[in-house]
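> Need the 3D shape of this:
(chains A and B)
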Amino acid sequence: MTAPLVDIRQLRCHFKSGANLLAAVDGINLQITAGEVLGLVGESGSGKSTLGRMIAGLQSRSAGKIYIDGKDMPHSYRRHDYREMATQVQMVFQDSYASLNPRMTILASLQEPLWSLGIHGQAARDKAAYWLDRVGLPQSAGERYPHELSGGQRQRIGIARAFITEPKLVICDEPVSALDVSVQAQIINLLQELQREHNTAMLFIAHDLAVVRFLATRTAVMYLGEIVEIGPTAAVFEAPRHPYTVRLLAAHLDGNPKGRILNKSLPAQTIANRAPLATDRGCRFAPRCHMAELACCDTPPWLQPSRVRTEAACHRLVDIEILRSRA
Amino acid sequence: MSLLKLRSLQVSIGPVKAVRDVSLSLEAGECRALVGESGCGKSVTAMTLLGLMPNAAKISAEEWWFAGRDMTQIKEREWRQLQGNQIAMIFQNPMTALDPTQTIGAQIAEPLRIHKGLSRREAKMRAIALLERLAIANPAQRAEQYPFEFSGGMLQRAMIAMAVVCEPELLIADEPTTALDVTVQAEVLSLLQEMRESSGTAMLFITHDLGVVAEIADSVSVMYAGQTVESGSLHDVFSREAHPYTQALKRAVPSLENPKPLEAIAGTPPDLRQPPSGCGFAARCSKRMAICEESPPLMSCGEDHLARCWLWHKDHPERWREAEAVSLLGGKL
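Here you go, the predicted model:
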C-alpha cells in the first residue's frame, strides 16, 4: 500500500474557555489517500471545521502530527510554508462573499494564488481565463467585483481559486449549505467533475448527509471532537454501527411524505448540547446514548476496526449487534 | 370558511416587484408549506401577512381575508391587536430576532401582558410553564437568563414559546430549522407538530427544504419569481408534481436512499426589477413552448391541485391525449 496523502496522528486542538480547556478536536487519527473523497459529517460544534482548518494550516494545533505527502508539517505556518502548501492543499469556504477580497476584480482574485507561486503576467491571466470558463462563467465576469455576482457564481470562483494551483487535496467546508437547492446541484456536480478530472483528493465537510452520501467514497462521523465512526460511505449509511450515527441518520428528513419519522423513532433529547472539555472521561456520547452503561462513563472508547464494515468507537458494539440480529 | 384567503397578492418595494401574484388559502389547523428559493418572495409574503412591511412597500390584493376580516381595509391600530396575538411568527434566526438586553422570560411574557392584560407575575408564570412544556430543563432559572446564554436549539424553542404563548390562530414559521442541526431540527419539528395538534393553530411553514416539507405539511404551495406556481396537497405536489419547476427541483435534491446523478436547473431566476412578461420559469424550462411568452394563470390539474403552466391548459394537446387515455382506461390512473 502506498503512503497516504494526508496522515494525521493524535491531532488535538484545545481552546481556553474561562477556567476550562475546550477540546474542539481531541485525539484524531485519520488518513486521506490520493484521489479519494472523504466526507466529514457531524453537528455544529463537533469540530469538523476546526479539523479541516488545521489540515489547511489555518489553525494551529495543540498536539499531534500532520504529515502531508510524507512531510511533517510545522505547528504554525510561516510565509514560505504557505507558498509550499499552495500546490498541496487548498480550501473552499462556506461563505463565498467573505472569502473573496471585495476590492479585487474576479480575474485578479483568480490570479492571486498563481502570483504567490511566481506565475505572473500573461501566463497567469491565461490560466485564470481558462478556469473562469471551466467553472462555467463568461469571460466578462472576470472584470466584475464579488458583490456583482450571485452566490452560486461566487462559489464557482471560490472553487476555481482552489483548483487553479492544481493541489493534491481540496478541503471543502460546507461549500453548498448557503446556496439554494437548484444552485446546490450545479455546484455539487461541478465539484465532482473537477475532482474526477484532476484526481484530486477531497475532504468534504458538511452537515447535509445526502450531499455527503452523493459525493464521498469514505465517510467519517464526528461527535464532540472525536471521530466516532468511519468507513466506506455505503457501509456508514446502510449499516451504521455507532449509536450516534444511527441517531443522526434517523433524524435526516428525506423528502418522502410516506415515511414520516417524527413522533416515532426519535426520543426527545433532554440534555442540552454541551462543549467537549479536555477533562472529559469516558464516551462523550454516553449522556445522550440509550445503550450507555457504567463503563461508557469511565473509559473512552476507541475505533474498533471491522473487516467488512465500518470502524466505530463504542464499547457496546457487540451488544448492539446482538440486539439488531434479534430484532 | 377558510381562516386565511389570499388572492393575487402583489407587493413591490421600490423598483423590485418582490411578490407578483401569490394566492394562498389556509383552513383552521392546517399546515401549509411555502416552498421556494431565496429571492422568490416567500419571506416578503410572510412579512406582508403579518403586517410588517415598511410603509414604502406597495401592497395590493384582489382578495385578502383573515378570520372573517377584510384585511385590505384594515387600520394600523387593528393590525397591532392582531400581531403576536392572532398571527404570530417564528423567525429564522433567533439570535437576531430576540432582544439581547431582556431576559428570555420577559420576552416570552411580553405578548401576554400586552394582548391578554396579564400581570407581570402571572405572565412570567405562564412563560415558565411554557418553557417547561418545550422541554427546557430548569425553566424558572432559564427564564431569568439572556439570549446569549442559550444554545441555538434552545433559542429556537424560546422563539417558538414567544410565538405560541397567546395561542395564535395563524403561526407563520419562516425557515425555523434552517440554522439548526438535523437532530435538533427533528426535535423542533416534533415540538411544532405537537403544539399544532394541541391548540389547533394553522401554520404557514416557509422553507426551501423539501425534506422538512414532507415531514410536516398537509399542503404545499411552491413559489417561483414572486408567483405561486403550484399548490395542492402534500401528496399531489410530491408524487404528481405538475409544474416543470417543481419537477426540476425534486430532481436537483440529493437523496439518502438512492444517490443518483443530480440534475441541476440551468440558469438563474429572473431579475425581479424587470420581471419577464411571460412565464417566469420559461427561460430555464425544458418544456418551453411558444405560448410561454404569455403569462400563464393558475390552472387546475386535479382536485384542489393548481399549476401555473400552459401545459395544463385544457387545450394543450398532450394533456388532452392523456385525459383521453384515462377515460379509455375507465378512469384508472
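> quick one, longest helix in the chain?
Using chain A. helix A:181-198 (DSSP state H).
> that answer is for a different chain, and I need it for chain B
Per DSSP H, chain B has its longest helix at helix B:182-199.
> Need the contact partners of it.
A:43, A:207, A:209, A:247-248, A:250-253, A:261-263, A:266, A:268-269, A:273, B:29, B:31, B:134-135, B:152-153, B:156-157, B:160, B:164, B:167, B:171, B:173, B:176-177, B:180, B:201, B:203, B:212, B:215-216 (CB atoms under 8 Å, 6 or more residues apart in numbering or on different chains). Yep, even glycine has a C-beta here, placed from its N, CA and C like the rest.
> B:K17 in helix, strand or coil?
strand (DSSP: H, G, I helix; E, B strand; the rest coil).
> do the helix or strand containing A:F214 and chain B meet at all?
Element membership of A:F214 [criterion: DSSP states H and E] is helix A:209-215. Yes. Applying CB under 8 Å from any CB of the partner chain, one finds helix A:209-215 in contact with chain B at A:L209, A:A210, A:V211, A:R213, A:F214.
> what pairs with B:I90 across the strands?
B:A173 (DSSP bridges).
> wait, what's in contact with the residue of the stretch 151-300 of chain B found nearest chain A?
In the stretch 151-300 of chain B, the residue that lies nearest chain A is B:G211 (3.2 Å; CB to the nearest CB). B:G211 is in contact with A:H252, A:L253, A:D254, A:G255, counting by CB under 8 Å, 6+ apart.
> Could I get the contacting residues of the residue minimising distance to the centre of chain A?
Taking CA atoms, centre = their mean as the criterion, A:I205 is the residue nearest the geometric centre of chain A, at 2.4 Å. Shown in contact with A:I205 (CB under 8 Å, 6+ apart): A:L40, A:K48, A:S49, A:L51, A:G52, A:I171, A:C172, A:D173, A:E174.
> Give me the phi and psi for it.
phi -100, psi 130 (degrees, to the nearest 10).
> Same check on A:Q88?
Per degrees, to the nearest 10, the backbone of A:Q88 is at phi -100, psi -60.
> For burial, what's the neighbour tally of it?
If you count neighbours by other CB atoms under 10 Å in any protein chain shown, A:Q88 ends up with 18.
> per-residue pLDDT, it?
Per-residue confidence (pLDDT) for A:Q88: 91.
> State whether it and A:I171 are indeed in contact, as I suppose.
No. Using CB atoms under 8 Å, A:Q88 makes no contact with A:I171, being 11.0 Å away.
> Low-confidence stretches in chain A?
A:1, A:257-274 (pLDDT under 70).
> mind listing the strands for it?
A:6-17, A:20-32, A:37-41, A:63-68, A:71-72, A:89-92, A:169-173, A:201-205, A:218-223, A:226-232, A:303-304, A:311-313 (DSSP state E).
> got the buried residues for stretch A:292-300?
Buried residues in stretch A:292-300, counted by 16 or more other CB atoms under 10 Å in any protein chain shown: A:A292, A:C296, A:P300.
> which strands and helices sit next to the helix holding A:F214?
strand A:37-41, helix A:181-198, strand A:201-205, helix A:233-238 (3 or more CB pairs under 8 Å, 6 or more residues apart in numbering or on different chains; DSSP states H and E).
> hmm, try it at 6 Å
Secondary structure elements in contact with helix A:209-215, counted by 3 or more CB pairs under 6 Å, 6 or more residues apart in numbering or on different chains; DSSP states H and E, are strand A:37-41.
> Centre of the chain to the strand it packs on, how far?
Distance of strand A:37-41 from the chain centroid (CA atoms, centre = their mean, to the nearest Å) equals 5 Å.
> Quickly find the element holding the residue nearest in space to the middle of chain B.
Taking CA atoms, centre = their mean, the centroid of chain B lies closest to B:I206, which sits 3.0 Å from it. Element membership for B:I206 (DSSP H and E) is strand B:202-207.
> between that strand and helix B:182-199, how many degrees?
Angle of strand B:202-207 versus helix B:182-199, following axes from the mean of the first three to the mean of the last three CA atoms, to 10 degrees, is 160 degrees.
> Redo the buried residues of stretch A:292-300 as a markdown table? Include distance to B:L298.
Compiled in a markdown table, the buried residues of stretch A:292-300 are given as follows (distance: CB to CB, whole Å):
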| residue | distance to B:L298 |
| --- | --- |
| A:A292 | 54 |
| A:C296 | 57 |
| A:P300 | 59 |
